[in-house]
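1. 3D model of this:
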Amino acid sequence: MSANTDEPDPLGAGSSPTRPGWFGWRRRYPRTAMAVHVGTTVLAAALVFVVLLVPNRLDWITVQSFLRLPVEAIFLAAALLALPSRGRRITAVVLGAFVGLSGVLKCLDMGFRQTLARPFDLVFDWVLLSDGADWVKDSFGRSGEVLAVVGVIVLVIAVLTLSALAMVRLANVLARHRPVAVRSTLVLGVVWIICFTLGVQFGGVPVATKGYAQYLANRVQYVRDGLGDADVFKKEMAVDAYAKTPPGQLLTGLRGKDVMFTFIESYGRVAIDDPTMGPEVDATLKAGDARLRAAGFAARSGWLKSPVTGAGSWLAHSTFLSGLWIKNQQRYRTLTTSDRATLTSYFQKTGAWRTVGIVPGVRKAWPEGTYFGLDHIYDSTHLGYQGPYFSWTPVPDQFSLEAFQKLEHSKKNRDPIMAEIILASSHNPWSPIAHMIDWKDLGNGKVFYKIKKEGTNPTEVWKSAQRVRTEYRKAIQYSLDSLTQWMQRYGDDKTVLVFLGDHQPVPTVTGGTSNRDVPVTIVARDPKVLDRVSNWGWTDGIKPADNAPEWTMNKFRDRFMTAYGPQGG
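-> Numbers count the residues shown, from 1 in each chain. The predicted structure is shown next:
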């Protein structure tokens, strides 16, 4: 055994002469001990190199990604070689845990990109983790949620522990073989500089990389931008062209009309443009158009760019209604605790409409409803539904619309209604989904137990991207059929419907496109209503043309209020 504590024995045991290794097994099985020693060292190096080299996007992971030389590994080796024994071990533990933590963050980025098409936000996204747990519970049950949460916690602890132990192992190896390690580090440093300077590539990927350092720098900048966003948003929120407009001059072009703002969950441009889904959805839209025309309605359609994709419906809804770009949870909380008026609250402000919300996706207290100017809110427990959940979806769309008819729209001698309606059947995971039945058979919703039993299993569906896309397409068709059939059945000369998607679906469906467009449509029987938006350049019918105007979603509020104000039309 070496007398120098910085130079442990070749097997790294620091062993006792009476009981070397674990109860003396290294002495009895020297070859096995050497193999274990080399194997664990190789695994330790592999773990560190994988975390340093792995991209934070699943679609960027290739074999070439790992055939690179990270400059960060060279700096880590140099730093550990320069430290004394005690400092080296402490530094190794800290650096190892940090590397493991960054590995966890990269995994979060991968997950968020697969659902939201963006990386995890270290400032604003922690609240979404609980929403994710709720989604797992709704999709796979309470046991599935518990297993998922426990599994994630155990995995995170394991990654941090293993990465710390791996770094300590590598630090000890460097110390035992200091002369060789110093020379190797210098050589690798020179090789990295040469490869970086000459732009040497392997399979189209640069050999010399500083990607990990760049990744950390980007994350730091992301946090700084997030922390500074609050001041930027407060300035934007203070600007409202209609804040001082007298109530009598607001929305005069819609007086006496029943106005429905209806969001179709995850109804994105991909449903119309994708060649594998487009033909079926196009047939549904054509049938809906024919249905509406037969009932005397006309429609105009365009495109809106949502602030989110994959998920985050509430951010899109508040963007549409507030006229502000609500791109994160901080903005949403700031907005909903402010006195900034929304499209719906302006209807309430006039005193000419009863404002109601049909929000079947809400199962908890929703204090934001008051902020949005809704006189009465019908959540999933107040729609009269006694049927089953369809995965995440508490109430099928057809039933939600029928409940609106019974609870509000069919009342006699009532004031005009402004309704915000959220159709949730097309919410991820799209399995199982409801299908249209005779409106007279809806009853209290128990008829849907049989329909759910005949539906697909989300666990099986999500094993295949193609099956996911198929079920998504069917869910969108169901939502569209529910809405156009309701209009045909119950709409009248006073009905004005504005319906739109809130965001594109997850990348599994979109194929990873960066496009965030969603369709938006205005439907009315009174030609004067659509005449007021004739200068918008929108497409006739409920399917927007490829070249129809594309607005950011926050622009809609003011343009709508201008079109239907005293000077509009």
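2. report the buried residues of stretch 170-184.
-> Using 16 or more other CB atoms under 10 Å as the test for burial, stretch 170-184 gives 170-176, 181. C-betas here are computed from N, CA, C, even on glycine.
3. how long is it from one end to the other?
-> Using CA to CA, to the nearest Å, the end-to-end distance of stretch 170-184 comes out at 14 Å.
4. for the stretch 301-450 of the chain, which segments count as strands?
-> Under the criterion DSSP state E, counting those that start in this stretch, strands of the stretch 301-450 of the chain are mapped to 354-359, 376-379, 417-423.
5. can you give me the helices for the stretch 51-200 of the chain?
-> 71-82, 85-116, 126-176, 178-198 (DSSP state H, counting those that start in this stretch).
6. helices and strands around the shortest one, which ones?
-> The criterion is 3 or more CB pairs under 8 Å, 6 or more residues apart in numbering; DSSP states H and E, and the helices and strands that helix 71-82 contacts are helix 30-53, helix 85-116, helix 126-176, helix 178-198, helix 211-237.
7. again, 7 Å this time
-> Where contact means 3 or more CB pairs under 7 Å, 6 or more residues apart in numbering; DSSP states H and E, helix 71-82 is packed against helix 30-53, helix 85-116, helix 126-176, helix 178-198.
8. just checking, what packs against the last one?
-> Read it as helix 178-198. Using 3+ CB pairs under 7 Å, 6+ apart, helix 178-198 is in contact with strand 69-70, helix 71-82, strand 208-209.
9. could you redo the last one with a cut-off of 10 Å?
-> strand 69-70, helix 71-82, helix 126-176, strand 208-209 (3 or more CB pairs under 10 Å, 6 or more residues apart in numbering; DSSP states H and E).
10. worst average pLDDT in those?
-> The minimum mean pLDDT among the helices and strands packed on helix 178-198 belongs to helix 126-176 (a mean of 85).
11. that older thread, now the buried residues of stretch 170-184 in CSV, with distance to residue 567?
-> Listed next are the buried residues of stretch 170-184 as CSV, based on distance: CB to CB, whole Å:
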residue, distance to residue 567
170, 72
171, 73
172, 78
173, 77
174, 76
175, 79
176, 82
181, 77
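12. picking that back up, please dump the strands of the stretch 301-450 of the chain into TSV; it should also carry mean pLDDT for every row.
-> Below are the strands of the stretch 301-450 of the chain laid out as TSV (pLDDT from 0 to 100):
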stretch	mean pLDDT
strand 354-359	96
strand 376-379	95
strand 417-423	97
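13. out of those strands, which is closest to residue 141?
-> Counting by CB to CB, residue 141 lies closest to strand 376-379 out of those; the figure is 22.1 Å.
14. skip the chain neighbours and tell me the closest residue to the residue sitting nearest the centre point of the chain.
-> Closest to where the C-alpha atoms of the chain average out (CA atoms, centre = their mean) is residue 116, at 2.8 Å. Residue nearest to residue 116 in three dimensions, not counting chain neighbours: residue 310, with 4.3 Å by CB to CB, 6 or more residues apart in numbering.
15. surely that neighbour touches residue 118?
-> Yes - taking contacts as CB atoms under 10 Å, residue 310 lies within contact range of residue 118: 8.4 Å.
16. tell me if residue 520 really is in a helix.
-> No - in this structure, residue 520 is strand, not part of a helix, as judged by DSSP: H, G, I helix; E, B strand; the rest coil.
17. who is it paired with across the strands?
-> Beta bridges link residue 520 to residue 302, residue 500 when assigned by DSSP bridges.
18. what's the burial count for it?
-> Neighbour count for residue 520, taken as other CB atoms under 10 Å: 22.
19. what's near enough to touch it?
-> 267, 300-304, 320, 498-501, 538, 544, 548, 551, 553, 556 (CB atoms under 10 Å, 6 or more residues apart in numbering).
20. can I have the buried ones of those as a PyMOL selection?
-> Listed next is the PyMOL selection for buried residues among those, using 16+ other CB under 10 Å:
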select buried, resi 267+300+301+302+303+304+320+498+499+500+501+538+544+548+553+556
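21. for residue 429, find the nearest of the helices of the stretch 51-200 of the chain.
-> helix 126-176 (5.4 Å).
22. for that closest one, packing partners?
-> Secondary elements touching helix 126-176 (3+ CB pairs under 10 Å, 6+ apart): helix 30-53, helix 71-82, helix 85-116, helix 178-198, helix 329-336, helix 458-461.
23. need the ones you listed in JSON lines (columns: distance to residue 435).
-> As requested, these are exported to JSON lines (distance: least, CB to CB, whole Å):
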{"stretch": "helix 30-53", "distance to residue 435": "46"}
{"stretch": "helix 71-82", "distance to residue 435": "54"}
{"stretch": "helix 85-116", "distance to residue 435": "26"}
{"stretch": "helix 178-198", "distance to residue 435": "59"}
{"stretch": "helix 329-336", "distance to residue 435": "34"}
{"stretch": "helix 458-461", "distance to residue 435": "16"}
